[in-house]
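S.K.: Okay, structure incoming, though there's no sequence with it:
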Ligand SMILES: [Zn+2]
């Protein structure tokens, strides 16, 4: 018996659609007799893709157009002035951060112009300073001034993929939520990884040799993200499984700032300086008026000290800006 062929006519292109089996079925509404052939569906699909892509492109350009204005309004000395209104002391840190943020936007501008000649290195920052010295406050005021999303993630809560705990992608997810789930906004925000010293490799000079394979793995996992990559994560509360819908955020233009108290790094710095000069540093007995040893030595920190402390060289290479802060004294606290 011959298979029954039903015919429809496409309401758009008027082509006759022969329906031999379920795979031939067009979009068809039996109530109105309205049908759309596969060709026309494909056309519509293509149309939507093109328009959406164009809209995204336009939005990107919108931000690029704002960049001149942002750069003009946020020259380093103006950022510094603004920070002075809210945070006292830490002059050095404020200057370094102001320049780093300014360069970050300049880099973005050249990126949008596809200007390979003037490509600037990403100015990710590592902040070293005792807890309570104003690291987070500095950064949140900075983000407020620039009107960009800002999210703090505790680096010590992160684990290597496959271990129990939060994957490194959580840092980007937190920023996405800080940006009210606006991917475009999140892609120009600031991620602060607090307690970064807690993920130092345990074989670093400052730590005992207790086995702790996870920390180096977390640092490795953070590498690509710091440099710029598309990070994929599931929505909050969504269990991770292969079919779970994901959100993608490109970290290319996200400014990463990592920070921590780095307790004991002053000893690493002191040792290096002593070796170099054969004058004992930090060996002096601390008098009542003297600065704590940390404050005395922290501004002399070098990448090799961070390596000695247990931060892997690849990470140090992606944190070109070192920002050091001193202990806030009581007077400073009273004024704030
Ligand atoms: Zn058609």
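M.R.: It's in. Since this is a predicted model, take the numbers as computed values, not measurements.
S.K.: end-to-end on stretch 143-154?
M.R.: One end of stretch 143-154 to the other measures 18 Å (CA to CA, to the nearest Å).
S.K.: quick one: contacts of it?
M.R.: When contacts are defined by CB atoms under 8 Å, 6 or more residues apart in numbering, stretch 143-154 is touched by residues 70, 74, 79, 82-83, 101, 136, 139-140, 142, 170-171, 174-175, 177-180, 182, 185-186, 188-195. From N, CA and C alone the C-beta is placed, and that goes for glycine too.
S.K.: Which of these fall in strands?
M.R.: Secondary structure defined by DSSP state E assigns 190-194 of the contacts of stretch 143-154 to strands.
S.K.: Now name the helix or strand holding residue 315.
M.R.: helix 313-317 (DSSP states H and E).
S.K.: pLDDT at the nearest residue to residue 133 once chain neighbours are set aside, what is it?
M.R.: Here the nearest residue to residue 133 in space, its sequence neighbours aside, is residue 325; by CB to CB, 6 or more residues apart in numbering that works out to 4.6 Å. The score at residue 325 is 93. That number is its pLDDT.
S.K.: swap in residue 131?
M.R.: In the prediction, the pLDDT value recorded for residue 131 is 87.
S.K.: Is it in a helix, a strand, or coil?
M.R.: Secondary structure for residue 131, judged by DSSP: H, G, I helix; E, B strand; the rest coil, is coil.
S.K.: Test my guess that it contacts residue 259.
M.R.: No. Between residue 131 and residue 259 there is no contact under CB atoms under 8 Å: 9.9 Å.
S.K.: Those two: which has the busier surroundings?
M.R.: Neighbours per residue (other CB atoms under 10 Å) separate residue 131 from residue 259, with residue 259 holding more: 26 against 13.
S.K.: Quick check: the gap between residue 269 and the ion.
M.R.: For residue 269, the distance to the ion (CB to the ion, to the nearest Å) stands at 73 Å.
S.K.: ditto for residue 232
M.R.: In this structure, residue 232 and the ion are separated by 36 Å, where distance is defined by CB to the ion.
S.K.: can you tell me how far that residue sits from residue 250?
M.R.: Counting by CB to CB, to the nearest Å, the gap between residue 232 and residue 250 amounts to 11 Å.
S.K.: So which of those two has more stuff around it?
M.R.: Comparing residue 232 with residue 250 by neighbour count (other CB under 10 Å), the higher total belongs to residue 250, at 15 against 11.
S.K.: contacting residues around the more buried one?
M.R.: 187, 228-231.
S.K.: do that again at 7 Å, thanks
M.R.: Under the criterion of CB atoms under 7 Å, 6 or more residues apart in numbering, the contact list for residue 250 reads 187, 230.
S.K.: For the nearest residue to residue 198 once chain neighbours are set aside, give me its contacts.
M.R.: Taking CB to CB, 6+ apart, and ignoring the residues beside it in sequence, residue 198 has residue 156 as its nearest neighbour in space, at 3.6 Å. The contact partners of residue 156, by CB under 7 Å, 6+ apart, come to 195, 198-199.
S.K.: if we can go back for a sec, which among the ones in strands among the contacts of stretch 143-154 end up buried?
M.R.: Buried residues within these, defined by neighbour count using 16 or more other CB atoms under 10 Å: 190-194.
S.K.: Distance check, the residue nearest to residue 198 against residue 215.
M.R.: According to CB to CB, residue 156 and residue 215 sit 9 Å apart.
S.K.: do the same with residue 257
M.R.: As for residue 257, its distance to residue 215 is 19 Å (criterion: CB to CB).
S.K.: and what of residue 40?
M.R.: Remark: distance between residue 40 and residue 215 (CB to CB) = 57 Å.
S.K.: Next: residue 313.
M.R.: For residue 313, the distance to residue 215 under the criterion CB to CB works out to 15 Å.
S.K.: and those two? which has more neighbours close in?
M.R.: Taking neighbours as other CB under 10 Å, residue 313 and residue 215 compare with residue 215 leading, 24 against 11.
S.K.: Which element, helix or strand, includes the more buried one?
M.R.: helix 213-227.
S.K.: and stretch 310-324, which residues are buried?
M.R.: 310-312, 315-316, 318-319, 321-324.
S.K.: Just give me the neighbour total for residue 31.
M.R.: 5.
S.K.: Kindly apply the preceding question to residue 47 instead.
M.R.: As a burial measure, the neighbour count of residue 47 was computed by other CB under 10 Å and equals 10.
S.K.: hmm, the helix or strand hosting it touching the ion?
M.R.: Assigned by DSSP H and E, residue 47 belongs to helix 38-73. Yes. Part of helix 38-73 sits near the ion under the criterion CB under 5 Å from the ion, namely residue 40.
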